[in-house]
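Engineer: predicted structure and sequence below. I'll ask about it afterward.
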Amino acid sequence: MIKTIRFKILLLIIGGLSLGAIGLVLYFNRIYDQNAERLTKDSIRSAAVAFSEVERTSTELMSASISALTRDPEVRAGMISRDPARLLTLSQPLYRDWRGRFGITHWNYWEPEQAGDMNAKGLRNVLRVGTPDMHGDFVERVTLARVARERRMVTGLDLGFTGMVLRVLVPVEEGGRPIGYLELGKEIGGFLGQIKKVSGDDYGLLLSKGRMDEKKWATLRATAGQRNNWADMPDLLLADNTSDDNEIFQYNGKIADLPDEGVPLEILSRGGKTLARGVFPIHDVSGAKVGAVFVLRDITAVYDEMRSGQRQAVLGVAALMVLLAVLFVLVFQVLIVKRLQHMIQVATRVVGGEFDLEIVPSADDEIGAFETLFEQFRQLFVELIGQAHKATGTTGRGGK
């Protein structure tokens, strides 16, 4: 069986179609990878645009609010007095309202820098309305140094001891001299929830731990009833996310190496879903990359479509194999095997003495040409047998 031409040709057909099936599977995988990468890039681009838009609108809101506060005589009087209790009584009701309505998490008062200090690295706190027990400390921060140096409104993202905050700071002056500085801020973790409402994707905020305080972070997490995740990654910290699964936001790369436009990462499988991960960096007010937003898009539908296409392609090739094998056997049997068997039968009978049998070409093809040639050999064979009989005086079937 395995030595027959039929088997060898069948083997070639099956092998060729199998290679074709493998090629189709690889092709579908490539198309899937390209689509997944395209979708991830689209998600990164959309998330980055949405993040910038939320940052812009939040900055505008806080800028308008803080400008109104600086014109309030009671606020100005409280800043001149530097009395935390007075400022707290004045600010706390409005702070609670704004926190609930606008997500404002920081409302801080700062002392003016020392007279003649033109290069202050920070400022001394008068009151943190959100945490009134913490005041009186000197804080070095880029935004504080800039507002003291430039004496104008400063806005931007600032990485503090316990997270990334979008800050708006303004000097408050009296008679051309600063009487202090006023600050409003929003923790950007809240941005992620706003973006998710629009896109449906999940997001995670990772921050560089270089500027953060481990003890203060642990206290913050304990107060919120959350697990202290400081040790989960060596250099980065998952500050916030919109998913219940923290592990999908683990990252061992360096934020500083991320391109500004972001980059797609790997494809993950979680809970029966196929998820594509991407990331883009975020910059603080100084332009340094100090954090990153991870984007998690559900591409299960794309993956299922690819797998369905693969299955259909493989089943189609398998059906084609069976069909071609059956057709080949039938055609091979009719066009080659039967005609060769007929020639063999005629040749056997001629050798047995039936010299009057003829081989008539059954078609004008290669086998027909072979049949014609075989008939010529048959005629030559019969002629030679006849001559031999004459020379020996015998008859055609072995007689004397």
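Structural biologist: Right, received. Where do you want to start?

Engineer: hey, let's count contacts and neighbours off CA atoms from now on
Structural biologist: OK.

Engineer: any regions of the stretch 301-400 of the chain where pLDDT drops low?
Structural biologist: 306, 394-400 (pLDDT under 70).

Engineer: let me fix that, I meant to ask about the chain.
Structural biologist: For the chain (pLDDT under 70), the answer is 1-6, 116-118, 306, 394-400.

Engineer: all helices for it, in order.
Structural biologist: Assigned by DSSP state H, the helices in the chain fall at 5-70, 73-81, 84-102, 142-150, 189-199, 214-223, 300-332, 338-351, 366-392.

Engineer: who wins for proximity to residue 245 among the ones you listed?
Structural biologist: helix 189-199 (15.1 Å; Cα to Cα).

Engineer: follow-up on the earlier one: out of the helices of the chain, nearest to residue 282?
Structural biologist: helix 5-70 (8.9 Å).

Engineer: follow-up on the earlier one: can you redo the helices of the chain as a markdown table with distance to residue 262 and mean neighbour count?
Structural biologist: Below are the helices of the chain laid out as a markdown table (distance: least, Cα to Cα, whole Å; neighbours: other Cα atoms under 10 Å):
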| stretch | distance to residue 262 | mean neighbour count |
| --- | --- | --- |
| helix 5-70 | 7 | 16 |
| helix 73-81 | 43 | 16 |
| helix 84-102 | 29 | 15 |
| helix 142-150 | 25 | 20 |
| helix 189-199 | 17 | 17 |
| helix 214-223 | 27 | 14 |
| helix 300-332 | 22 | 15 |
| helix 338-351 | 68 | 15 |
| helix 366-392 | 65 | 15 |
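
Engineer: looking at those helices, which is nearest to residue 292?
Structural biologist: That would be helix 5-70 among the helices of the chain, by Cα to Cα, at 10.4 Å.

Engineer: compute the inter-axis angle for that closest one and helix 300-332.
Structural biologist: 170 degrees (axes from the mean of the first three to the mean of the last three Cα atoms, to 10 degrees).

Engineer: got the angle for helix 5-70 vs helix 189-199?
Structural biologist: 130 degrees.

Engineer: helices or strands next to helix 5-70 in the packing?
Structural biologist: strand 164-174, strand 177-187, helix 189-199, strand 263-270, strand 273-283, strand 289-298, helix 300-332 (3 or more Cα pairs under 8 Å, 6 or more residues apart in numbering; DSSP states H and E).

Engineer: tabulate those in a markdown table, adding columns for distance to residue 365.
Structural biologist: A markdown table is the format used below for those (distance: least, Cα to Cα, whole Å):
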| stretch | distance to residue 365 |
| --- | --- |
| strand 164-174 | 83 |
| strand 177-187 | 85 |
| helix 189-199 | 67 |
| strand 263-270 | 57 |
| strand 273-283 | 57 |
| strand 289-298 | 60 |
| helix 300-332 | 14 |
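
Engineer: and stretch 281-296, end to end?
Structural biologist: 15 Å (Cα to Cα, to the nearest Å).

Engineer: would you mark the buried spots in it?
Structural biologist: 281-285, 289-296 (16 or more other Cα atoms under 10 Å).

Engineer: equivalent analysis for stretch 256-269, please.
Structural biologist: 256, 258, 262, 263, 264, 265, 267.

Engineer: only alpha carbons, please: show it as PDB.
Structural biologist: Extracted C-alpha coordinates of stretch 256-269, given in PDB (Å, rounded to 0.1, in the frame of the first residue of the first chain):
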ATOM      1  CA  ALA A 256      11.700  56.900  32.400                       C
ATOM      2  CA  ASP A 257      12.200  54.700  29.400                       C
ATOM      3  CA  LEU A 258       8.600  54.900  28.200                       C
ATOM      4  CA  PRO A 259       8.000  56.900  25.100                       C
ATOM      5  CA  ASP A 260       5.700  59.900  25.500                       C
ATOM      6  CA  GLU A 261       3.100  58.300  23.100                       C
ATOM      7  CA  GLY A 262       3.000  55.200  25.200                       C
ATOM      8  CA  VAL A 263       3.500  51.600  24.200                       C
ATOM      9  CA  PRO A 264       1.500  48.400  23.900                       C
ATOM     10  CA  LEU A 265       2.500  45.600  26.300                       C
ATOM     11  CA  GLU A 266       1.400  42.000  26.400                       C
ATOM     12  CA  ILE A 267      -1.900  40.100  26.000                       C
ATOM     13  CA  LEU A 268      -3.300  38.600  29.300                       C
ATOM     14  CA  SER A 269      -6.000  36.000  30.000                       C
END
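
Engineer: can you give the contact residues for it?
Structural biologist: 37, 40-41, 44-45, 274-281, 289-290 (Cα atoms under 8 Å, 6 or more residues apart in numbering).

Engineer: which one of those is nearest residue 383?
Structural biologist: Among the contacts of stretch 256-269, and counting by Cα to Cα, the member closest to residue 383 is residue 37, at 79.0 Å.

Engineer: so what's that closest one up against?
Structural biologist: Contacts of residue 37 (Cα under 8 Å, 6+ apart): residue 264.

Engineer: possible to save the helices of the chain as JSON lines with distance to residue 119?
Structural biologist: Listed next are the helices of the chain as JSON lines, based on distance: least, Cα to Cα, whole Å:
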{"stretch": "helix 5-70", "distance to residue 119": "24"}
{"stretch": "helix 73-81", "distance to residue 119": "22"}
{"stretch": "helix 84-102", "distance to residue 119": "26"}
{"stretch": "helix 142-150", "distance to residue 119": "6"}
{"stretch": "helix 189-199", "distance to residue 119": "32"}
{"stretch": "helix 214-223", "distance to residue 119": "28"}
{"stretch": "helix 300-332", "distance to residue 119": "55"}
{"stretch": "helix 338-351", "distance to residue 119": "103"}
{"stretch": "helix 366-392", "distance to residue 119": "99"}
